[in-house]
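Novice: for reference, the sequence and a predicted model appear below.
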Amino acid sequence: MFERRNTQQIMVGKVPVGGGAPITVQSMTTTKTADVEGTLQQIYALAAAGCDIVRCTCNDQDAAEGLAQIVPRSPIPIIADIHHQYKMALAAMEAGVHGLRLNPGNIRKPEHIKAVASEARDRNLAIRIGVNGGSLDPSLYEKYGGLTAAAMVESAMHEIAYFKEVDFNLIKISVKASNVPLMVEAYRMLAEATDIPLHLGVTEAGPPPAGLIKATAGISTLILEGIGDTIRYSLTADPVEEARAGRQLLE
């Protein structure tokens, strides 16, 4: 049995992440969040397949209003995926979500980042810093001469610094890339740098079976090293397949 890395523990709704809690499985809905019934149908199917936490897009006011109806009826905690508008993060929190995912490459103004973190702090709500190799701040590409593990880790640590300025500590981090060796290197570096819980994933892994193999190569390598507190298979497929794959890996 591998020895898990010791991390801080945060709560996403009633689900513990990190701190020795079981590794959780996540997925993301593919419906329009404004389609309340369709989204709930998918969430219930995901929960039945072993999904512990689900992410829903919150990219406009209609989606935020949908979340206000979805959250109280969902069997598992809801994380709002925020794109470029920090005000959508505020709207999602008002709708009652259990957590947020922010991409540092998309929301860059310090005052916007800190406004979201301050509201999350007051609501006791966790945020995932979701670094994506395909959407880093251009200044980091320039500094490192392209996409590197160090650039991804710096992006995450820079965001953490903004959070700390407003005394926000309910954080988890991901540093995802479609290149498996790069993704593994970035997570190893991050695990050395911080004890914040880590969310594992390979972006754009593709359709099964190739996507399953690619994602498993990255995720399982890290888990066997004791790295990782929550996982998601990002497949070009029904999200239920993502949940099943994650659950099967952990079993």
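Specialist: Perfect, I can see it now. Numbers count the residues shown, from 1 in each chain.

Novice: now do the helices in the stretch 101-250 of the chain.
Specialist: With DSSP state H, counting those that start in this stretch as the criterion, the stretch 101-250 of the chain has helices at 110-123, 138-144, 149-165, 180-193, 210-224, 239-250.

Novice: to N132, which of those helices lies closest?
Specialist: helix 149-165 (8.5 Å; Cβ to Cβ). Where you see a C-beta, it was placed from the backbone N, CA and C, and this is true even at glycine.

Novice: and of the helices of the stretch 101-250 of the chain, who's closest to G38?
Specialist: Minimum separation from G38 across the helices of the stretch 101-250 of the chain (Cβ to Cβ) falls at helix 239-250, 12.5 Å.

Novice: quick one on the thing from earlier: of all the helices of the stretch 101-250 of the chain, which one is nearest G66?
Specialist: helix 239-250 (16.9 Å).

Novice: what is the mean pLDDT for the closest one?
Specialist: When pLDDT is averaged over helix 239-250, the result is 97.

Novice: start at 37, not 1
Specialist: Okay, using 37 as the starting number, the last item reads as helix 275-286.

Novice: output that helix in CSV with nothing but the alpha carbons.
Specialist: Output of helix 275-286 as CSV, limited to C-alpha atoms (Å, rounded to 0.1, in the frame of the first residue of the first chain):
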residue,chain,number,x,y,z
PRO,A,275,-19.3,12.3,-18.0
VAL,A,276,-20.7,9.1,-16.4
GLU,A,277,-17.7,7.3,-18.1
GLU,A,278,-15.4,9.8,-16.3
ALA,A,279,-16.9,8.9,-12.9
ARG,A,280,-16.8,5.2,-13.5
ALA,A,281,-13.2,5.4,-14.6
GLY,A,282,-12.2,7.3,-11.6
ARG,A,283,-14.0,5.0,-9.2
GLN,A,284,-12.5,1.9,-10.9
LEU,A,285,-9.0,3.3,-10.6
LEU,A,286,-9.4,3.9,-6.9
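
Novice: name the surrounding residues that touch it.
Specialist: Applying Cβ atoms under 8 Å, 6 or more residues apart in numbering, the contact partners of helix 275-286 are 58-59, 61-66, 78, 81-82, 85-87, 244, 248, 251-252, 255-256, 259, 267-271.

Novice: restricted to buried residues, select the residues you listed in ChimeraX.
Specialist: Buried members of the contacts of helix 275-286, defined by 16 or more other Cβ atoms under 10 Å, are picked up in ChimeraX with:
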select :59,61,62,63,64,65,78,81,82,85,86,87,244,248,251,252,255,259,267,268,269,270,271
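
Novice: rewinding a little: which one, of the helices of the stretch 137-286 of the chain, ends up nearest to I209?
Specialist: Using Cβ to Cβ, the helices of the stretch 137-286 of the chain put helix 185-201 closest to I209, at 5.0 Å.

Novice: no further queries at this time; thank you.
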